[in-house]
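**Student:** when you get a sec, could you give me coordinates for this:
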Amino acid sequence: MQPTQYETIRLSQRDGIAVLTLNRPEVMNALNTRMRAEIRHAVRAAGRSARVLVMTGKGRAFCSGQDLGDRTDAASADLERTLRDEYEPMLQAIFDCPVPTIAAVNGAAAGAGANLALAFDVVIAARSAMFLQAFSRIGLIPDAGGSWWLPRQVGLARAMGMALFAEPLSAEKAAEWGLIWEVVDDDDFAEHWLTRAAQLAQGATLAYRNIKTALRRSFENGLQEQLALEARLQGECGKSRDFREGVLAFLEKRPAKFEGR
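**Tutor:** This is a model prediction of the structure:
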């Protein structure tokens, strides 16, 4: 598995699985201008060539959020500009990624780092990981999509408590609340998320893409609009080679072999 060379991250790909590793462990993988640009580039590259994308962190943290100690980072001068010009394109690239995305949260995910994880389709966390909306501690509001993700995933009451009190939320509690998909014992964590990624990499790519579209659009559609969208997307899937293979494999009582892209 030969990694593509970046300065703040590592990107490797094998068997349809692209793994993006945040690689600034000396600052708990804090985000600076270069890292945000490299994440955006790597996500777009993976979306073109892989069948699933995983993001994780090197060292003891997933991502500690904005690098407040980096004086070369323009974020300290103009937060609005940084959010619009740097965070927004990075988060949009993740949201728009056509393949399933997994955040494998290996440790602390704080501030913008927590909300970076929530931008992924599925979040799998190690039991020792925690999530922290730390913004109010320094006089800020949840950003990097936090004000959008949190109330949708845990409800307004819990989102408000997380944002106002800025208290750590354990991975176990995050799973219980529905903030993340699952929590895994630390000793099994790496093997588990890789198995999950392999499962998606072998699946029906068009169906996955249309699942993402259908579920996301349901928040803005009425029932009639959603049923029409379901019909259109299902029509696309029904004409695909993957559907024909899935039905044939079912009738022949064997695992399906989906072609993907």
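
**Student:** stretch 238-257 - what's its average pLDDT?
**Tutor:** Mean pLDDT, stretch 238-257: 91.

**Student:** tell me the buried residues in that stretch?
**Tutor:** Judged by neighbour count (16 or more other Cβ atoms under 10 Å), stretch 238-257 contains these buried residues: 240, 242-243, 246, 256. C-beta here means a position set from N, CA and C on the backbone, and glycine is covered the same way.

**Student:** show me those residues that map onto helices.
**Tutor:** Using DSSP state H, the members of the buried residues of stretch 238-257 that fall within helices are 242-243, 246.

**Student:** same list (the residues you listed) but as CSV, adding distance to residue 41.
**Tutor:** Rendered in CSV, the data for those read as follows (distance: Cβ to Cβ, whole Å):
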residue, distance to residue 41
242, 29
243, 33
246, 34
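
**Student:** in stretch 152-160, which residues are buried?
**Tutor:** Of the residues in stretch 152-160, those buried (16+ other Cβ under 10 Å) are 153-154, 158-159.

**Student:** okay, among those residues, which ones form the most distant pair?
**Tutor:** In terms of Cβ to Cβ, the buried residues of stretch 152-160 reach their longest pairwise distance at 153 and 158, which sit 8.9 Å apart.

**Student:** what's the overlap in contacts for the two?
**Tutor:** Common neighbours of residue 153 and residue 158 (criterion: Cβ atoms under 8 Å, 6 or more residues apart in numbering): residue 177.

**Student:** just to revisit the earlier point, which of the buried residues of stretch 152-160 sits closest to residue 177?
**Tutor:** Distance ranking of the buried residues of stretch 152-160 against residue 177, using Cβ to Cβ, places residue 154 first at 4.8 Å.

**Student:** hang on, the earlier thing: dump the buried residues of stretch 152-160 to JSON lines, plus secondary structure and pLDDT.
**Tutor:** Shown next, in JSON lines, are the buried residues of stretch 152-160 (DSSP: H, G, I helix; E, B strand; the rest coil; pLDDT from 0 to 100):
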{"residue": "153", "secondary structure": "helix", "pLDDT": "94"}
{"residue": "154", "secondary structure": "helix", "pLDDT": "96"}
{"residue": "158", "secondary structure": "helix", "pLDDT": "97"}
{"residue": "159", "secondary structure": "helix", "pLDDT": "96"}
